[in-house]
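*Asks:* Structure for this input, please:
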Amino acid sequence: MININLVNELEGKEITLCELDNVLTAYGVPSVYDEIDPDSLIEDESVSYWVDDSQGINILFDVIDYKEDSPIDTVVNIKRIEEI
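*Replies:* Residues are numbered from 1 along each chain as shown. Below is the predicted model of the structure:
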(Lines give C-alpha, C1' and ligand atoms only; values in the text may rest on other atoms or scores of the structure.)
Protein backbone atom coordinates (compact mmCIF):
# COMPACT_ATOMS: atom_id res chain seq x y z
CA MET A 1 0.00 0.00 0.00
CA ILE A 2 1.36 3.42 -0.95
CA ASN A 3 1.83 5.78 1.97
CA ILE A 4 -1.11 8.21 1.72
CA ASN A 5 0.96 11.03 3.22
CA LEU A 6 3.51 10.59 0.45
CA VAL A 7 0.80 10.71 -2.21
CA ASN A 8 -0.73 13.84 -0.67
CA GLU A 9 2.69 15.47 -0.42
CA LEU A 10 3.62 14.84 -4.05
CA GLU A 11 0.70 14.43 -6.46
CA GLY A 12 0.00 17.59 -8.44
CA LYS A 13 3.12 19.34 -7.13
CA GLU A 14 5.94 20.98 -9.06
CA ILE A 15 9.27 19.78 -7.70
CA THR A 16 12.81 19.20 -8.91
CA LEU A 17 14.01 15.63 -9.40
CA CYS A 18 16.53 16.23 -6.61
CA GLU A 19 13.79 17.42 -4.21
CA LEU A 20 11.65 14.42 -5.18
CA ASP A 21 14.50 12.07 -4.34
CA ASN A 22 15.04 13.88 -1.02
CA VAL A 23 11.35 13.46 -0.09
CA LEU A 24 11.47 9.74 -0.83
CA THR A 25 14.74 9.14 1.00
CA ALA A 26 13.21 10.93 4.02
CA TYR A 27 10.59 8.13 4.00
CA GLY A 28 13.45 5.60 4.10
CA VAL A 29 13.36 4.73 0.40
CA PRO A 30 16.80 4.29 -1.24
CA SER A 31 17.84 6.93 -3.78
CA VAL A 32 17.65 5.94 -7.44
CA TYR A 33 20.49 8.23 -8.50
CA ASP A 34 23.17 5.79 -7.41
CA GLU A 35 22.17 3.60 -10.36
CA ILE A 36 20.19 5.74 -12.83
CA ASP A 37 21.07 8.83 -14.84
CA PRO A 38 18.49 11.65 -14.44
CA ASP A 39 18.36 12.16 -18.22
CA SER A 40 16.89 8.68 -18.72
CA LEU A 41 14.15 9.44 -16.18
CA ILE A 42 13.38 12.73 -17.89
CA GLU A 43 13.09 10.98 -21.24
CA ASP A 44 10.69 8.38 -19.78
CA GLU A 45 8.80 11.00 -17.72
CA SER A 46 8.73 8.56 -14.82
CA VAL A 47 10.87 7.22 -12.02
CA SER A 48 10.52 3.98 -10.07
CA TYR A 49 11.60 3.40 -6.48
CA TRP A 50 11.69 0.15 -4.51
CA VAL A 51 10.10 0.80 -1.14
CA ASP A 52 11.10 -2.66 0.13
CA ASP A 53 11.85 -6.10 -1.33
CA SER A 54 8.28 -6.64 -2.47
CA GLN A 55 6.84 -3.19 -3.12
CA GLY A 56 7.74 -0.43 -5.51
CA ILE A 57 6.22 2.79 -6.70
CA ASN A 58 6.30 4.43 -10.09
CA ILE A 59 6.01 8.21 -10.20
CA LEU A 60 4.75 9.69 -13.47
CA PHE A 61 5.47 13.33 -14.22
CA ASP A 62 5.48 16.06 -16.85
CA VAL A 63 8.69 17.98 -17.45
CA ILE A 64 8.13 21.66 -16.68
CA ASP A 65 11.64 23.14 -16.89
CA TYR A 66 14.49 20.98 -18.20
CA LYS A 67 17.92 21.96 -16.86
CA GLU A 68 20.38 20.76 -19.49
CA ASP A 69 23.44 21.72 -17.43
CA SER A 70 22.09 19.97 -14.30
CA PRO A 71 19.33 17.44 -15.17
CA ILE A 72 18.72 16.51 -11.51
CA ASP A 73 17.51 20.11 -11.02
CA THR A 74 14.85 19.73 -13.72
CA VAL A 75 11.43 20.83 -12.51
CA VAL A 76 8.64 18.29 -12.96
CA ASN A 77 4.92 18.17 -12.16
CA ILE A 78 3.89 14.93 -10.44
CA LYS A 79 0.90 13.47 -12.31
CA ARG A 80 0.39 10.16 -10.55
CA ILE A 81 1.96 7.65 -8.15
CA GLU A 82 1.33 3.97 -8.84
CA GLU A 83 2.19 0.78 -6.99
CA ILE A 84 4.31 -1.69 -8.92
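
*Asks:* Residue 43: what secondary structure?
*Replies:* Here residue 43 is helix, with the state taken from DSSP: H, G, I helix; E, B strand; the rest coil.

*Asks:* What is the least confident helix or strand in the chain?
*Replies:* Taking mean pLDDT, DSSP states H and E as the measure, the helices and strands of the chain show their lowest mean at helix 4-10, namely a mean of 82.

*Asks:* so how far is that one from its chain's centroid?
*Replies:* Between the mean C-alpha point of helix 4-10 and the mean C-alpha point of its chain there is a distance of 12 Å (Cα atoms, centre = their mean, to the nearest Å).

*Asks:* Can you name every helix or strand that that helix contacts?
*Replies:* Counting contacts by 3 or more Cβ pairs under 8 Å, 6 or more residues apart in numbering; DSSP states H and E, helix 4-10 is packed against helix 17-26, strand 75-83. Any C-beta I mention is one placed from the backbone N, CA and C, and that applies to glycine too.

*Asks:* is it possible to export those to CSV including distance to residue 44?
*Replies:* As requested, those are arranged in CSV below (distance: least, Cβ to Cβ, whole Å):
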stretch, distance to residue 44
helix 17-26, 12
strand 75-83, 12
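
*Asks:* now these in CSV, with distance to residue 54 and mean pLDDT?
*Replies:* Supplementary listing: the helices and strands packed on helix 4-10 in CSV, determined by distance: least, Cβ to Cβ, whole Å; pLDDT from 0 to 100:
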stretch, distance to residue 54, mean pLDDT
helix 17-26, 17, 94
strand 75-83, 11, 95
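
*Asks:* and the ones you listed as TSV, adding distance to residue 35 and mean neighbour count?
*Replies:* Rendered in TSV, the data for the helices and strands packed on helix 4-10 read as follows (distance: least, Cβ to Cβ, whole Å; neighbours: other Cβ atoms under 10 Å):
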stretch	distance to residue 35	mean neighbour count
helix 17-26	12	17
strand 75-83	19	16
